[in-house]
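Visitor: Got a sequence here, can you build the structure:
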Amino acid sequence: MRRQALIVSAAIVLLAGSLAAKVMLNPLRRSEAGVQKWLLAQTPLESSREQVLRVVARRGWKMHPEYRGRFINGRLPVGGFGAELGTYTGVSDTKVDAYWRFNSDKLVEVYVNKWREGF
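Guide: You can find the predicted model right below:
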């Protein structure tokens, strides 16, 4: 009986720990600058448009052709494409989008935008 209680307790601790790790290790929960750094590790500056498209497809991110974030430096970025990276739940759902800007065929900037619906 005591052994069964120990096994059940260990299973509960492992389950709780794995759920906590999943939440805490989600890169989308990082700051916008942290998500940008994470994206640049996967799609470094000077990457080709095709290389970035392969990463977007492999990750299963939903593409969109326009920039959906705040104006950066008073201008709207053009010459690239965006993707919805995902959503995470906290006090409310937070959506994370990215936009890759190219000069010719080389990546020159990555923008990250986090937003909440209704706020």
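
Visitor: For Thr94, give its distance to Gly82.
Guide: 17 Å (Cβ to Cβ, to the nearest Å). All C-beta spots, glycine's among them, are computed from the backbone N, C-alpha and C.

Visitor: Those two - which one has more neighbours?
Guide: The residue with the greater number of neighbours, taking Thr94 and Gly82 and applying other Cβ atoms under 10 Å, is Gly82; the counts read 23 against 17.

Visitor: pLDDT at that one, what is it?
Guide: The score at Gly82 is 92. That number is its pLDDT.

Visitor: Test of understanding: give the bridge partners of it.
Guide: Using DSSP bridges, the bridge partners assigned to Gly82 are His64, Tyr99.

Visitor: quick one: contacts for it?
Guide: For Gly82, the set of contacting residues under the criterion of Cβ atoms under 8 Å, 6 or more residues apart in numbering consists of Met63, His64, Pro65, Glu66, Tyr67, Arg68, Asp97, Ala98, Tyr99, Trp100.

Visitor: Just among the residues you listed, which is most surrounded?
Guide: Scoring the contacts of Gly82 on neighbours with other Cβ under 10 Å, the highest-scoring entry is Ala98 at 26 neighbours.

Visitor: OK, contacts around that residue?
Guide: Val35, Gln36, Leu39, Trp61, Gly82, Ala83, Leu85, Val110, Tyr111, Val112, Asn113.

Visitor: ok, now with 10 Å
Guide: Contact analysis of Ala98 by Cβ atoms under 10 Å, 6 or more residues apart in numbering lists 32, 35-36, 38-39, 43, 52, 56, 61, 67-69, 80-85, 110-113.

Visitor: Thanks a lot, see you next time.
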